[in-house]
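1. sequence? don't have it. structure:
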């Protein structure tokens, strides 16, 4: 085990597969569409393509032969290259979160991918195994959670509680609620449009649809049946999509870590050390507010990208019933405390907010006034747009004022903001890396202030509330000064 | 609350820097006026130029005779074993509080103007942002840099 190991051989297949996928468009263009056509550009293009393609294949194989990794009892060692050798050492203590993802490729060969994210700003910030056998992934994961020396056989005595408690798996009711509140049935529309345009191209659809429409006019029955069928299709599609995306979901935790597993077909799992959770966010869109659900997100200092696309891996189930969400936070993160007892903004901040000039409105009105465009043959459109914009901005500010809440609760800070979608941000004093309070002219005159916090995340998370009473800003400042009560230094 | 102030020479430096910027700005305007006169541009361009000139004069008075004094009057900083505190701004006031343990790098910088008066500026980078203290006497800046570097070495458990 203590020998440096090569990566899983299937990684060659995986990389070639990806290469083929990425170069497909070029190849198709050069060798199929323009087949037979001759030009200098095409000749050299083909040559260059073949050269690059060959080079990529060689480098994929070469990389497999020369890249190795090793684990000792404290860190990863990653070796690269034969001629220019690089060696990277990544201590386990720097790892912020672990994510696994199994795509169709991985499932076919019964393997998986695993990524260990650190908080470094570098491109090489993560230790990633794009293809790895399940056993090896489990072994590495376990080893990092509980590193023991490979040389000596002494079993580490500091055994931590590894029994997992499952906190949440969605019930049928949850899934149905999720499929409606996520509006995922609307995703059928772009699919239908693309389908329609494809059919359109294949046959002379204009005439067909004309016939269809004229026949539809004749019978109300047909129309109503069609409508019902369409709606049913929408709903069914939405539910299927939700089941695929959120059907298999499991939130569990052991003594040290939180685990989130999701996905029916493509499996993704995410795990983070409880002590590495930088902040929690509870998000509610208007629809979720109506349905009484919320999304809970964990903030990690490591990045959350897997395989180029950002998956929302850090989200506990996005459609949790609100009360369940609050309860679960205290279950999985006993060191966190969320209180519903929060302060609202004073009346005077309402006026500061409403009377603050809106640059968006000023600029768009100036532009509209200058061009006076007529929309749909309505010449007065410009001032109608301007006034509606003014009303929208006003309404958004009113909602934001109405939703804004804040509190300092022992070592926790809670800030709630947002006009349509509200976000409740909860963090601990020792996880906040910097604070600031600011005051502009108006705020100074009537005794208000803005407070800001910065947390570690990728990218760095800035949060804050505008127009809080100056007394709060002062106590916020001295509250942060007392952070040395919790933090221990090495 | 932070107590330490910048070097008094800061005002002179800001005025000098401002003067150079204004000089550049006004000469550009002058060239535009000359071109306007030479090629007989459209009327409204002339009016816009006059408008810009008027605004520039007001801005210049602000930048040369008011802003530097206000900035100096309101700048405060403090470095303790635990925190770096910065407070600045006359019209919009900002108050930053940065724990020493979160500071990643600290450097002193000196441009030609600062050098002339034996001053340095100090830039401090943290995990989440960067800050600077604009004009400090050279020895103070170096002393601060070394102090901060030393305080910042202490690591919190669970970084």
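-> Nice, thanks for sending it over. This is a predicted model, so every value here is computed, not measured.
2. Residue 141 - how many residues pack around it?
-> Using chain A. Residue crowding around residue A:141 was assessed by other Cβ atoms under 10 Å in any protein chain shown; the count is 17. For every residue, glycine as well, the C-beta is placed using N, CA and C.
3. Please refer instead to chain B.
-> 22.
4. quick one, what contacts the closest residue to it other than its chain neighbours?
-> Residue nearest to residue B:141 in three dimensions, not counting chain neighbours: residue B:120, with 3.7 Å by Cβ to Cβ, 6 or more residues apart in numbering or on different chains. Counting by Cβ atoms under 8 Å, 6 or more residues apart in numbering or on different chains, residue B:120 touches B:108-110, B:114, B:135-138, B:141-142.
5. which residue sits farthest out from the middle of chain B?
-> Using Cα atoms, centre = their mean, the residue of chain B lying farthest from its centre is residue B:40. It sits 40.2 Å away.
6. Could you look up the SS state of the single nearest residue of chain B relative to chain A?
-> Chain B approaches chain A most closely through residue B:128 (3.9 Å), counting by Cβ to the nearest Cβ. Using DSSP: H, G, I helix; E, B strand; the rest coil, the structure places residue B:128 in coil.
7. Neighbours of it, how many?
-> 20.
8. other SSEs contacting the helix or strand hosting residue A:271?
-> Secondary structure assignment for residue A:271, by DSSP states H and E: strand A:267-273. Judged by 3 or more Cβ pairs under 8 Å, 6 or more residues apart in numbering or on different chains; DSSP states H and E, strand A:267-273 is in contact with strand A:95-102, strand A:257-262.
9. Put together CSV for the contacts of residue B:120, with pLDDT on each row.
-> Shown next, in CSV, are those (pLDDT from 0 to 100):
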residue, pLDDT
B:108, 89
B:109, 89
B:110, 90
B:114, 90
B:135, 89
B:136, 92
B:137, 92
B:138, 90
B:141, 92
B:142, 91
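10. Which strand residues bridge the nearest residue to residue A:170 once chain neighbours are set aside?
-> In this structure, residue A:170 finds its nearest non-sequential neighbour in residue A:249, 5.3 Å apart by Cβ to Cβ, 6+ apart. Beta-bridge pairing for residue A:249 (DSSP bridges): residue A:262.
11. Go ahead and confirm residue A:249 touches residue A:267.
-> No. The criterion here is Cβ atoms under 8 Å, and residue A:249 misses it with residue A:267 at 11.0 Å.
12. Quick check: neighbours shared by those two?
-> If you check residue A:249 and residue A:267 against Cβ under 8 Å, 6+ apart, the residues they both contact are residue A:261.
13. between these two, which one's more packed in?
-> residue A:249 (22 against 16).
14. any idea how far the more buried one is from residue A:316?
-> Going from residue A:249 to residue A:316 by Cβ to Cβ, to the nearest Å gives 9 Å.
15. ditto for residue A:303
-> For residue A:303, the distance to residue A:316 equals 19 Å [Cβ to Cβ].
16. Same question for residue A:69.
-> Look at residue A:69 and residue A:316: by Cβ to Cβ, they are 31 Å apart.
17. likewise residue A:407?
-> Using Cβ to Cβ, residue A:407 is found at 22 Å from residue A:316.
18. more neighbours, these two?
-> A direct count of neighbours by other Cβ under 10 Å for residue A:407 and residue A:316 places residue A:316 higher, at 24 against 16.
19. what about the residue nearest the centre of chain B, which SS state?
-> What sits nearest the mean C-alpha location of chain B, by Cα atoms, centre = their mean, is residue B:134, with 5.5 Å. Following three-state DSSP, we place residue B:134 in the strand state.
20. right, and residue A:283 touches residue A:417 too?
-> No. Assessed by Cβ under 8 Å, residue A:283 is found out of contact with residue A:417, at 11.0 Å.
21. List the contacts of residue A:409.
-> A:337, A:339, A:341.
22. just residue A:486 next, same as before
-> Residue A:486 touches A:411, A:428-430, counting by Cβ under 8 Å, 6+ apart.
23. Pick the one among these closest to residue B:150.
-> Lowest distance from residue B:150 to the contacts of residue A:486 (Cβ to Cβ) belongs to residue A:430, with 21.6 Å.
24. Can you report how many residues neighbour that closest one?
-> 18.
25. pLDDT score assigned to it?
-> Per-residue confidence (pLDDT) for residue A:430: 88.
26. for it, what are its contacts?
-> A:411, A:483, A:486-487, B:156.
27. Out of those residues, who's the most crowded?
-> residue A:483 (21 neighbours).
28. surely that residue meets residue A:429?
-> Yes. In terms of Cβ under 8 Å, residue A:483 counts as a neighbour of residue A:429; the distance is 4.6 Å.
29. show me where the stretch 151-300 of chain A has strands.
-> In the stretch 151-300 of chain A, the strands defined using DSSP state E, counting those that start in this stretch lie at A:165-168, A:249-253, A:257-262, A:267-273, A:279-284, A:293-299.
30. Briefly note if stretch A:446-462 comes near chain B.
-> Yes. In terms of Cβ under 8 Å from any Cβ of the partner chain, part of stretch A:446-462 sits within range of chain B, namely A:454-456, A:460, A:462.
31. Emit the PyMOL select command for whichever of those are buried.
-> Only the buried entries of the residues of stretch A:446-462 next to chain B go into this PyMOL selection, using 16 or more other Cβ atoms under 10 Å in any protein chain shown:
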select buried, chain A and resi 454+455+456+460
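32. about what we covered before: please identify the deepest-packed of the helices and strands packed on strand A:267-273.
-> Ranked by mean neighbour count, these are led by strand A:95-102 with a mean of 24 (mean count of other Cβ atoms under 10 Å in any protein chain shown).
33. That one - contacts with which helices or strands?
-> Against strand A:95-102 (3+ Cβ pairs under 8 Å, 6+ apart) you get strand A:111-118, helix A:134-145, strand A:267-273.
34. Which SSE is immediately downstream of it?
-> That would be, after strand A:95-102 and using DSSP H and E, helix A:104-108.
35. Show me what counts as buried in that following helix.
-> A:105-106.
36. That helix: how far from the chain's middle?
-> Relative to its parent chain, helix A:104-108 has a centroid offset of 23 Å by Cα atoms, centre = their mean, to the nearest Å.
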